[in-house]
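Trainee: Following is a predicted model, sequence given first.
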Amino acid sequence: MPPIFAVIGRSKTGKTTLIRGIIKELQSKGYKVGVIKHDPQEHGEIDRKGSDTANFWEEGSHTVVLSSLSRLAVFRRVEKDTAPEEIIPLCGNVDCIILEGYKGWDYPKILIWSEDELEVEPRQLLAVVYDKKDQREILKRSEKKDTPLICRDDIKSIVDILEKYVLN
C-alpha cells in the first residue's frame, strides 16, 4: 500500500489549494499522486469545472476519488462511509495518496490552522500550515509545541516534511 497522509482543516480554509500545490511539487520530483476527497456532508460535485475533484485532476493527479457516506466517485452504491484502505486499490499505481479530510481517521496529518483549531492527536500531526496574515497569532498560540509551523506559501518545506516522514 502506498504511503498516505491527510490535509485537514475547517471548511474554506484552503485545503484544495494547498493540495494542488503539493501535487504540483511532488510531481516535479517524479511522484505519481492519488487524491481521495472525503465528503461526509454529501456536498461534493464530481468533475465539474471548479470542483475540488476537477481541480485535483487538472493539477495532474494520477487518480482522484470522491468518497461520501452514500457514494464513491466510481459511482458504486455504498451503505456506509468507505475506509481509505478500501478505496486505495482503485487508485492504481501511485507513489502516495493524499486524503482531503478524514480528520477523525488515524493517518499522518497536515493541519491548516484557523482561529477555531481542530483537535488533532499530536502523534498524527506532521505540520501546521498557516496564512502569512495569521503568523503572529499562530506563533503566540503555539510557543511550546514541537510541530513544525509552515507558511502555506512554502510548499517546498511542506513536501520536504512529507518526504522525510511519510514518503521514505
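Mentor: Noted; the coordinates are in hand.

Trainee: who touches residue 3 in this structure?
Mentor: 95-97, 166-167 (CB atoms under 8 Å, 6 or more residues apart in numbering). To be clear about C-beta, it is placed using only N, CA and C from the backbone, and glycine gets the same treatment.

Trainee: quick check: longest helix of the protein.
Mentor: helix 15-28 (DSSP state H).

Trainee: could you give the angle of the next helix-or-strand element following that helix to helix 15-28?
Mentor: Following helix 15-28 in sequence order, the next helix or strand is strand 33-39 (DSSP states H and E). Orientation check (axes from the mean of the first three to the mean of the last three CA atoms, to 10 degrees): strand 33-39 against helix 15-28 gives 170 degrees.

Trainee: C-alpha coordinates for strand 33-39, CSV please?
Mentor: The C-alpha trace of strand 33-39 is given here as CSV (Å, rounded to 0.1, in the frame of the first residue of the first chain):
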residue,chain,number,x,y,z
VAL,A,33,0.0,11.1,-6.7
GLY,A,34,-3.6,9.9,-6.0
VAL,A,35,-6.1,12.1,-4.1
ILE,A,36,-9.1,10.9,-2.1
LYS,A,37,-11.6,13.6,-1.1
HIS,A,38,-13.8,12.8,1.8
ASP,A,39,-17.3,14.2,1.5
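
Trainee: pretty sure residue 138 is in a strand, no?
Mentor: No: read with DSSP: H, G, I helix; E, B strand; the rest coil, residue 138 is helix and lies in no strand.

Trainee: Residue 48 versus residue 61, what's the distance?
Mentor: As judged by CB to CB, to the nearest Å, residue 61 and residue 48 stand 16 Å apart.

Trainee: Looking at those two, which one has more neighbours?
Mentor: residue 61 (24 against 10; other CB atoms under 10 Å).

Trainee: what's the burial count for the closest residue to that one other than its chain neighbours?
Mentor: Nearest non-adjacent residue to residue 61, counting by CB to CB, 6 or more residues apart in numbering: residue 35, 4.9 Å away. Residues lying near residue 35 (other CB under 10 Å) number 29.

Trainee: For residue 35, which residues are in contact?
Mentor: Contacts of residue 35 (CB under 8 Å, 6+ apart): 19, 23, 56, 61, 63-65, 97-100.

Trainee: now, which of these lie within strands?
Mentor: 63-65, 97-100 (DSSP state E).

Trainee: nearest to residue 6, of these?
Mentor: Residue 6 has its nearest neighbour among the ones in strands among the contacts of residue 35 in residue 99, at 4.0 Å by CB to CB.
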